[in-house]
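Q: Task: produce atomic coordinates for the following.
(2 chains, ligands or ions: 2)
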Amino acid sequence: MENTGKPASVLTARAAGLVGCTRCGRVHDQGVAFCLRCGSALQSRDTLALQKVWAWWWAGLIAYIPANIYPMLRMTQFGRPHESSIMGGVIDLAQHGDLWVAFVVFFASIIIPIGKFIAIAYLAWSVKKGIRTRDVGRLHMYEIVEFIGRWSMIDVFVVAILTALLQMDFIVTVSPGIAAFSFTVSVVCTMISAQSFDPRTIWDTEKETPRV
Amino acid sequence: MNPIHAHKDKLSPNGLIACPTCDALHKETDVPIGMAAKCVRCGHTLLRPRKSAMTQILMLAATAFVLMCAGIFFPFLELQAGGRITRSSVFDAVLAFSDGVMLPVAILLGALIIVVPLVRFMALIYVFAPMSLGHYPARYAPQAFRLAERLSPWSMAEIFIVGVGVALIKVTGLATVLIGPAFWAFCGLVVVTVLKDTFMCKLTVWKTLENRRLS
Ligand SMILES: [Zn+2]
Ligand SMILES: [Zn+2]
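A: Ligands and ions are numbered 1, 2, ... in the order given. I've put the predicted structure just below:
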């Protein structure tokens, strides 16, 4: 049944009528509910995974829009208020000559979130369609999304630190804007979206049905 | 590790490993210390046993716990402008969001920067101390290790430290900034966390927990 090239000839736990634990790798007969080694709930494939991925993806996307429109941080200098959005903060940094820091913030709060939305959507779409090309490439894409997604929180932390440092009695005071709230919500939603994805389904095709 | 290709008979689940990321079955073999067994299909590292890994993980988790406590209670940045000094601790950064609609963010930040890392380190100490000092794991060791694993993406102390770096550059023009002891504690924490993650092979830990279980 599988005979196209070496990688495809590998037998999966599902094709063998068994269930593998995604946390500890132990193999069980189908029908065992909890892993005998680590106690995790066992599922050959999470059948609701894609629905969860999309639900959290949309929630994250909706929260990401106000995060870009509204101010991230409100700075008052000599009584003059100055509000800056995510992109505004990046431009401020770049104009100060801190190009590297501007790049870090730009990468963490704009490139990573947008790249993540595209990557998760592509993964979910390709699994749904049963596309079986560049399997390992797609797995690496998933691993990068999982690893790097958390780093988007940098900008929220920066706002928190600035607010704590620059208090009432200074010439400059800083308070967080509403975008800090929606940006946090967006990061959390996309992290859950990525975690809901079942990477084992990258290798599954429609034809490959469980034996049991 | 050898993959399994054909399946004429019903396979017995014993002596097999399923790759956690791609579900490929492998025959379980003893991996020599210092070597790594990788999944033939996706390249995920299945087993990478290390010499006295238990003790090393315990030491690193305990160090991380102490650094974390120091990082919370000491000031991490000190600002001097116009004869005034403000000291900020990690708590102050969390409380920056504490008014009105931002309160949920404050709670979340507190969890990500303080609570989750602390709980994770305590869980790891609980798992590895009995196994490293004695032999048998503690009663709820699997539950504790599962908790530590689940929390790991939500433990963001190292991201916080990079945020401190960015904030430092943003305020340098406005005031003199002095770096407090907590900043260095957090930097040490980042190093220890990276070391701990390289020493720890999840599948080996789970196998050891199972083999040494009190029955
Ligand atoms: Zn398990
Ligand atoms: Zn694999």
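Q: name the helices or strands packed onto the top helix by length along chain B?
A: Counting residues, the longest helix found in chain B (DSSP state H) is helix B:53-73. Taking 3 or more Cβ pairs under 8 Å, 6 or more residues apart in numbering or on different chains; DSSP states H and E as contact, the helices and strands that helix B:53-73 lies on are helix B:90-95, helix B:116-133, helix B:181-199. For glycine as for every other residue, the C-beta is placed from the backbone atoms N, C-alpha and C.
Q: What residues sit buried inside that helix?
A: Residues of helix B:53-73 classed as buried: B:53-54, B:56-65, B:67-68, B:70-72 (neighbour count, 16 or more other Cβ atoms under 10 Å in any protein chain shown).
Q: what's the closest of the helices and strands packed on helix B:53-73 to residue A:41?
A: helix B:116-133 (19.2 Å; Cβ to Cβ).
Q: In chain A, where is pLDDT below threshold?
A: Across chain A, the ranges flagged by pLDDT under 70 are A:1-8, A:168-170, A:205-212.
Q: give the contact list for the residue nearest to the spatial centre of chain A.
A: Note on chain A: the residue nearest the mean C-alpha position is residue A:191, at 3.8 Å, using Cα atoms, centre = their mean. The contact partners of residue A:191, by Cβ atoms under 8 Å, 6 or more residues apart in numbering or on different chains, come to A:149, A:150, B:153.
Q: Give me the contacts around the longest helix seen in chain A.
A: Secondary structure of chain A per DSSP H: the longest helix is helix A:49-69. With Cβ under 8 Å, 6+ apart as the test, helix A:49-69 has contacts from A:46, A:85-87, A:113, A:117, A:120-121, A:124, A:127-128, A:178-179, A:182-183, A:185-190, A:192-194, A:196-198, A:201.
Q: Just the buried residues of the residues you listed.
A: Listed as buried from the contacts of helix A:49-69 are A:46, A:85-86, A:113, A:117, A:120, A:124, A:127, A:178-179, A:182-183, A:185-190, A:192-194, A:196-198, A:201; burial here means 16+ other Cβ under 10 Å.
Q: among the residues you listed, which are within reach of chain B?
A: A:178, A:188 (Cβ under 8 Å from any Cβ of the partner chain).
Q: sorry, back to before: does the residue nearest to the centre of chain A count as helix, strand or coil?
A: With DSSP: H, G, I helix; E, B strand; the rest coil as the basis, residue A:191 sits in helix.
Q: count of neighbours near residue 30?
A: Went with chain A since none was named. Neighbours of residue A:30 under the rule other Cβ atoms under 10 Å in any protein chain shown: 16.
Q: Please refer instead to chain B.
A: With other Cβ under 10 Å as criterion, residue B:30 counts 9.
Q: Same question for residue B:182.
A: By other Cβ under 10 Å, the burial measure for residue B:182, its neighbour count, is 22.
Q: What does the pLDDT read for it?
A: For residue B:182, the model assigns a pLDDT of 87.
Q: quick one, what contacts the residue in chain A sticking out farthest from the centre?
A: The outermost residue of chain A relative to its centre, with distances by Cα atoms, centre = their mean, is residue A:78 at 39.8 Å. Residue A:78 makes contacts with residue A:171, as judged by Cβ under 8 Å, 6+ apart.
Q: circling back to that earlier point, between the contacts of residue A:191, identify the one with the most neighbours.
A: residue A:149 (24 neighbours).
Q: So that one sits against residue A:192, correct?
A: No: using Cβ atoms under 8 Å, residue A:149 is not in contact with residue A:192; the gap is 10.0 Å.
Q: Take the buried ones among the contacts of helix A:49-69 and keep only those in strands.
A: Assigned to strands by DSSP state E, none of the buried ones among the contacts of helix A:49-69 qualify.
Q: The closest residue in space to residue B:129 that isn't next to it in sequence and chain A, how far apart?
A: Closest residue to residue B:129 apart from its sequence neighbours, by Cβ to Cβ, 6 or more residues apart in numbering or on different chains: residue B:58 at 5.7 Å. Per Cβ to the nearest Cβ, to the nearest Å, residue B:58 is found 20 Å from chain A.
Q: how far away is residue B:58 from ligand 2?
A: Noted for residue B:58: a distance of 29 Å to ligand 2, by Cβ to the ion, to the nearest Å.
Q: Would you agree residue A:82 falls within a helix?
A: No: applying three-state DSSP, one finds residue A:82 to be strand, outside a helix.
Q: Ignoring the adjacent residues along the chain, who's closest to it?
A: residue A:75 (4.8 Å).
Q: next one: residue B:156
A: Nearest one to residue B:156, counting by Cβ to Cβ, 6+ apart, is residue B:112 at 4.4 Å.
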